[in-house]
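Student: got a predicted structure plus its sequence, pasted below:
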Amino acid sequence: MNDILPNPFRGQGLACHDAQGKALWPASDASAVAQLLSHCPAHGQTPLRDMAQLAKDIGIDALWVKDERERMGLGSFKALGAAFAIARAAMAALAHTATPTATDWASALKHRVFVTASAGNHGLSVAAGAHIFGAKAVIYLAETVPTAFAERLNAKGAQVVRAGATYEDSMQAAADAATQNGWTLLSDSSWPGYCDLPHQVMEGYLQLAAEATTQVPTPPTHILLQAGVGGLAAAVAAHARAVWGDAPQIIVVEPEAAPALLESIRAGELVTTSGPVSAMGRLDCKTPSMIALAGLSRDADIFMTISESEAASGVATLAKNGLTTTPSGGAGLAGLLTGRLSGFDATSRVMAILSEGAEDA
């Protein structure tokens with residue numbers, strides 16, 4: 001059943017805590033991110049698309065789409081997260097080098113191995129970031145991840161390992177490998193005892209939020225954010241609240257097959273859900289990130305799920321309007337296009353994120 005759930009924790013949130021008992025929330029200040037990302041040669045601002053005709057068709061005043069399909073040449077917003085975390089590690093490694101040269105940066109992490117699980121895009125960011133700074137990347141993929149993603153990871157120099165039927169299975173295998181081999185686990189999700197690096201990954205996503213808030217001509221009344229483990233949605237929501245306060249209504253969209261955030265909000269605590277495999281593969285995560293859940297429980301107004309057919313219909317509509325993407329990349333917009341959300345009219349100004357390009361692009 002497709003669900004729409006108002007957030008009863010809005011403004012207060014469900015705080016999570018680190019091992020020392022400190023409350024953990026997503027970062028909202030993007031000022032440090034761009035400076036570090038400047039060491040990544042492919043880094044550059046992505047466009048905000050003014051979708052005036054589609055807005056007219058929907059019956060709203062404006063629709064702005066932050067287009068992440070060409071981010072750092074990797075085709076997804078995920079390029080920002082791991083690249084930022086790895087750049088921070090490189091900066092720490094060169095802390096005692098007075099004026100690091102390009103050669104210094106390129107070999108800063110030559111003895112490090114970063115390992116993660118991925119549904120594709122996060123792995124590409126780990127692989128690319130590791131390559132830039134001289135490290136090695138090992139990426140664990142579930143059996144359901146398309147072969148095309150494994151091939152792209154190989155092309156970036158990563159070692160690909162298949163493990164398990166689900167993302168959660170592959171993450172456990174990656175965590176085990178990190179422990180056994182002394183590698184650095186670089187996940188885009190967080191859980192008790194593992195918070196620092198995921199927090200940095202989410203901080204990297206603030207870059208696209210900061211760009212969007214300066215590109216949009218006037219503050220939006222609504223922001224739609226698709227979510228898997230929730231890192232992107234939580235980062236954008238935190239920055240939007242810091243810039244625009246309580247004014248925009250923030251709506252989080254998940255697959256019906258993986259309502260991890262919605263069900264956690266319903267339960268009032270982090271829960272693991274179950275369901276079939278979703279065509280929204282990058283969002284098909286059954287357990288939310290602990291930090292992301294904390295942030296979204298504070299900052300989001302509504303959580304909703306969409307069906308496989310609604311996602312497919314949304315992608316088709318977006319393609320007709322020049323926005324080719326996947327069911328994952330267009331899920332936030334697909335939530336709007338269902339027509340099931342109330343509160344939208346001719347005065348509504350909507351911002352959404354096209355988070356990745358088409359798989360055959």
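Tutor: Looks like it came in fine. Residues are numbered from 1 along each chain as shown.
Student: burial count for D196?
Tutor: Neighbourhood size, D196 [other C-beta atoms under 10 Å]: 10. From N, CA and C alone the C-beta is placed, and that goes for glycine too.
Student: what about this structure, any weak spots by pLDDT?
Tutor: By pLDDT under 70, the low-scoring segments of the chain are 1, 39-42, 74, 120, 360-361.
Student: which helix in it has the most residues?
Tutor: Of all the segments assigned as helix in the chain under DSSP state H, the longest by residue count is helix 196-215.
Student: going by neighbour count, which residues in that helix are buried?
Tutor: 197-213, 215 (16 or more other C-beta atoms under 10 Å).
Student: and if you look at stretch 97-111?
Tutor: So stretch 97-111, judged by 16+ other C-beta under 10 Å, has buried residues P100, W105, S107, A108, L109.
Student: checking the last one next. Helix, strand or coil?
Tutor: Counting by DSSP: H, G, I helix; E, B strand; the rest coil, the backbone at L109 sits in coil.
Student: nearest residue to the middle of this structure?
Tutor: Centroid-nearest residue in the chain, with C-alpha atoms, centre = their mean: L232, separated by 3.2 Å.
Student: isn't that one right next to I223, touching?
Tutor: No. With contact defined as C-beta atoms under 8 Å, L232 does not count as touching I223 (11.9 Å).
Student: what ranges does the stretch 201-350 of the chain have for its helices?
Tutor: Along the stretch 201-350 of the chain, counting by DSSP state H, counting those that start in this stretch, helices occupy 231-244, 260-267, 290-299, 308-320, 331-337.
Student: may I see the ones you listed organised as CSV, with distance to V115 added?
Tutor: Converted to CSV, those look like this (distance: least, C-beta to C-beta, whole Å):
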stretch, distance to V115
helix 231-244, 18
helix 260-267, 23
helix 290-299, 20
helix 308-320, 30
helix 331-337, 28
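Student: which one of these lies closest to L80?
Tutor: helix 231-244 (9.2 Å; C-beta to C-beta).
Student: which secondary structure elements does the closest one contact?
Tutor: helix 196-215, strand 222-226, strand 249-255, helix 290-299 (3 or more C-beta pairs under 8 Å, 6 or more residues apart in numbering; DSSP states H and E).
Student: could I get the ones you listed as TSV with distance to P276?
Tutor: Written out in TSV, the entries for these read as follows (distance: least, C-beta to C-beta, whole Å):
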stretch	distance to P276
helix 196-215	27
strand 222-226	18
strand 249-255	10
helix 290-299	23
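Student: so which of the ones you listed is nearest G164?
Tutor: For those, proximity to G164 was assessed by C-beta to C-beta; strand 249-255 is nearest, at 19.0 Å.
Student: between helix 308-320 and the closest one, find me the angle.
Tutor: Note on geometry: by axes from the mean of the first three to the mean of the last three C-alpha atoms, to 10 degrees, strand 249-255 and helix 308-320 are set 110 degrees apart in direction.
Student: give me the contact list for strand 249-255.
Tutor: Around strand 249-255, the neighbours that count as contacts under C-beta atoms under 8 Å, 6 or more residues apart in numbering are 221-228, 230, 233, 237, 240-241, 260-262, 275, 278, 280, 283-284, 296, 299-306, 308, 311, 331-332, 334-335, 341, 343.
Student: strand partners of it, parallel vs antiparallel please.
Tutor: The sheet places strand 249-255 alongside strand 222-226 (parallel), strand 302-306 (parallel), with pairing taken from DSSP bridges.
Student: the last one versus helix 260-267: what angle between them?
Tutor: Read it as strand 302-306. Compare the direction of strand 302-306 with that of helix 260-267 by the same axes, to 10 degrees and you get 130 degrees.
Student: now strand 302-306: how far from the chain's centre is it?
Tutor: Put simply, strand 302-306 sits 17 Å off its chain's centre (C-alpha atoms, centre = their mean, to the nearest Å).
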